[in-house]
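sequence first, predicted coordinates after that:
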Amino acid sequence: MLTQQVLFPTYSGLSYSYPGHKTRIVQPIVLDSNWLDTWPTIRSVLLGSLMMFSSAAVIALEIANVSIESNKDDNVEKLGMDPSKVGVGIWCGSISFLASICILIIIFTRNKRIAATFALIAVTLAFFFTIVLIGLSANSVQRNQDLYPIQYKLIIAILSIALFILTQCIIFFMIYISVFFSSETRISSDYY
């Protein structure tokens, strides 16, 4: 019996050369059609949208918290000296916002495997930054030093949304692992 060779769609590439050197032929980039078929589009849209809104909420709540903290009359010079005063939600929320954009980009690209791998890296960064956000917010809630009641409520809201973002990161890890170890995608892994 003759075995049939599986051909994958490829991007075309032009050959290039440097002066004084021979021409190099560019290897075509293989599109992984099995990942294209098995990646869950609807779940990615829902997960990316939820993560984007949650990250925007964390950023907005942290901006409100820092603005309240900076308007206090007694300790303007102490801004950045306490976990509730460093603006941790702004930079952690920004990382998770970028991770949500990477998740949504997976839907629109043809090469789902490469886009999903980049999104995995971004979500991993968001996961660790969210752990930092949860730790610093929990420390602020536990210490409760010179916080207005509205700040206390803002930090609790940031903490609860950060736990939701952490759950979304874990869900993305599970989606990626289920597609990666799926029997449909294992066929194409022999070519990489």
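Done, it's in.

confirm for me that Val179 is in contact with Thr38.
Yes: between Val179 and Thr38 there is a contact under Cβ atoms under 8 Å: 5.4 Å. (C-beta placed from N, C-alpha, C; glycine too.)

in stretch 87-99, what's buried?
Neighbour counts using 16 or more other Cβ atoms under 10 Å place Gly87, Val88, Gly89, Ile90, Cys92, Gly93, Ser94, Ile95, Ser96, Phe97, Leu98, Ala99 of stretch 87-99 among the buried residues.

next, the buried residues of stretch 39-58.
So stretch 39-58, judged by 16+ other Cβ under 10 Å, has buried residues Trp39, Ser44, Leu47, Gly48, Leu50, Met51, Met52, Ser54, Ser55, Ala56, Ala57, Val58.

need the three-state assignment for Leu147.
coil (DSSP: H, G, I helix; E, B strand; the rest coil).

Ser140 is in contact with that one, correct?
Yes: in terms of Cβ under 8 Å, Leu147 counts as a neighbour of Ser140; the distance is 7.3 Å.

the two: which has the busier surroundings?
Ranked by neighbour count (other Cβ atoms under 10 Å), Leu147 and Ser140 place Ser140 first, with 25 against 21.
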